[in-house]
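S.K.: Show me how the following folds:
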Amino acid sequence: MLKQVLFHRLSKKNANSGGAGFTLVELLVVIFIMGLLGSMVLANFRQGERIYSLSGATRKLVSDLRRIQNLSMSGVKSETEDIVYGYGIYLKKDGSTYTIFMDKNNNKTFQPSDDLSKETVVLPRGIKISTITPVSSGLDIFFLPPAPATYLNGSANPGQSATVTLEVEGTSLKEMVTVTSAGLIQ
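M.R.: Residues are numbered from 1 along each chain as shown. So this is what the prediction gives:
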């Protein structure tokens, strides 16, 4: 009899203990919530990665523009050239590269004969030059020493400006760089 009472009390205690574990439904809900949060973090990470890449490409373009502007002001020559008429950047619409060149012919635009003194900069993967304003298929930004005078597509008309838009392909993420004929780079 004592055995029966003890067995009955122990089995009742185990049956009433509740909360000692998790049900299958509770576990599934927690796993679902963790998966949802994980996917949101991953999506935001990818978006942040794209924004960072676009920002870095824009900073690099502005840095290269200022670098060639400074080279033109200082009159730096290459080791192989006696005369350098200035430095410039050639950007092509829908391209993923741009070319930094040293003008050897005094034509204030990029020419194949400037080929020996050029440097091609590759934009990060997924970044491209989407638009150039004023509308054209390419843009020459050229700095003529010693001032340096700024030429946009071979013209130094006062008040002229050009805008280059970089974008992440397949998204609406864009950043713009504007250069004026006064030499302002923004």
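S.K.: Got the phi and psi for Thr109?
M.R.: The phi/psi pair for Thr109 (degrees, to the nearest 10) reads phi -140, psi 160.
S.K.: in what helix or strand does the residue lying closest to it once chain neighbours are set aside lie?
M.R.: Nearest-residue entry for Thr109: Asp140, 4.4 Å, with adjacent residues in sequence omitted and distances by C-beta to C-beta, 6 or more residues apart in numbering. Using the backbone N, CA and C atoms, a C-beta is placed for each residue, glycine as well. Asp140 is part of strand 138-144 when elements are defined by DSSP states H and E.
S.K.: Mind listing the strands that strand pairs with, and their directions?
M.R.: Next to strand 138-144 in the sheet, as set by DSSP bridges, lie strand 86-92 (antiparallel), strand 149-152 (antiparallel).
S.K.: Not counting the first one itself, show me its contacts.
M.R.: Outside of strand 86-92, the residues within contact range by C-beta atoms under 8 Å, 6 or more residues apart in numbering are 64-65, 68-69, 71-72, 98-103, 108-110, 129, 132, 137-145, 148, 151, 164.
S.K.: How about stretch 47-59?
M.R.: With contact meaning C-beta under 8 Å, 6+ apart, stretch 47-59 is reached by 123-127, 166-168, 171, 173-175, 177.
S.K.: 7 Å - rerun?
M.R.: 123-124, 126-127, 166, 168, 171, 173, 175, 177 (C-beta atoms under 7 Å, 6 or more residues apart in numbering).
S.K.: same check, this time on stretch 175-186
M.R.: Applying C-beta under 7 Å, 6+ apart, the contact partners of stretch 175-186 are 54-55, 58, 61-62, 65-66, 69, 141, 148, 150, 152, 156-166.
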